[in-house]
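>>> Need the 3D shape of this:
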Amino acid sequence: MNQPYKFVFALLVVLGLALTACGGGGAERLPQESKSEPAPAQEQKAEPAAPAGDAVAGKKVYDSVCIACHGPDAKGIEGLGKDLTTSEFVAQKSDQELVEFIKVGRTPDDPLNTTGVAMPPKGGNPALTDEDLMNVVAFIRSIHQ
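Numbering: from 1, shown residues only. Okay, the predicted model is just below:
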């Protein structure tokens, strides 16, 4: 199965599990009247959750894979990888979104690719597990400013 289809399939599985976990999709429904009431607005912004991965283990994976393009200090190598320490992309994505991004990478023709160089899926190491990727995300979170 090629990568874009794997991503879509994984996304559908995750959405299906989330819907099931929160009780959606079942036969029990609220009466129609209660659905029309607007939900109260939340005034407080939720604090970001701590990364689920292990930053120390993630540093080891980073040093064996990601360092080639993002550099030993994660500040990027010009013409290869972006600076991960100040990346808006990293700041705006959830941990799971970053894991999914790393899984599929980015092609040079992607309009959001500003380097013109491909980021291969899993940084070019297909043996990396989801746990490895979550650990890398935890490491990146630990150095992000």
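>>> so what pLDDT did the residue lying closest to G124 once chain neighbours are set aside get?
Leaving aside its sequence neighbours, G124 sits nearest to V65 (C-beta to C-beta, 6 or more residues apart in numbering; 6.9 Å). Bear in mind the C-beta positions are built from the backbone N, C-alpha and C, glycine included. Looking at V65, its pLDDT is 96.
>>> what do you get for the one 10 residues further on?
Confidence per residue is given as pLDDT, and for K75 that number is 97.
>>> tell me which element E131 is part of?
Using DSSP states H and E, E131 falls within helix 130-143.
>>> can you pull the contacts of the residue nearest to L80 when sequence neighbours are not counted?
Of all residues not flanking L80 in the chain, C69 sits nearest, at 4.0 Å (C-beta to C-beta, 6+ apart). Contacts here follow C-beta atoms under 8 Å, 6 or more residues apart in numbering; on that basis C69 touches G76, I77, L80, G81, V117, M119, G123.
>>> Which positions within the helix or strand hosting C69 qualify as buried?
Using DSSP H and E, C69 sits within helix 67-70. For helix 67-70, the neighbour count (16 or more other C-beta atoms under 10 Å) marks I67, C69, H70 as buried.
>>> Likewise for stretch 73-93?
A74, G76, I77, G81, K82, D83, L84, T85, S87, V90.
>>> Include secondary structure and distance to V137 when you put those residues into CSV, please.
As requested, the buried residues of stretch 73-93 are arranged in CSV below (DSSP: H, G, I helix; E, B strand; the rest coil; distance: C-beta to C-beta, whole Å):
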residue, secondary structure, distance to V137
A74, coil, 12
G76, coil, 17
I77, strand, 20
G81, strand, 15
K82, coil, 15
D83, coil, 16
L84, coil, 10
T85, coil, 14
S87, coil, 12
V90, helix, 9
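>>> Toward the C-terminus, what is the element adjacent to the helix or strand bottoming out on mean pLDDT in the chain?
In the chain, no helix or strand scores lower on mean pLDDT, DSSP states H and E than helix 32-35, which sits at a mean of 44. Next in sequence after helix 32-35, counting helices and strands by DSSP H and E, comes helix 55-61.
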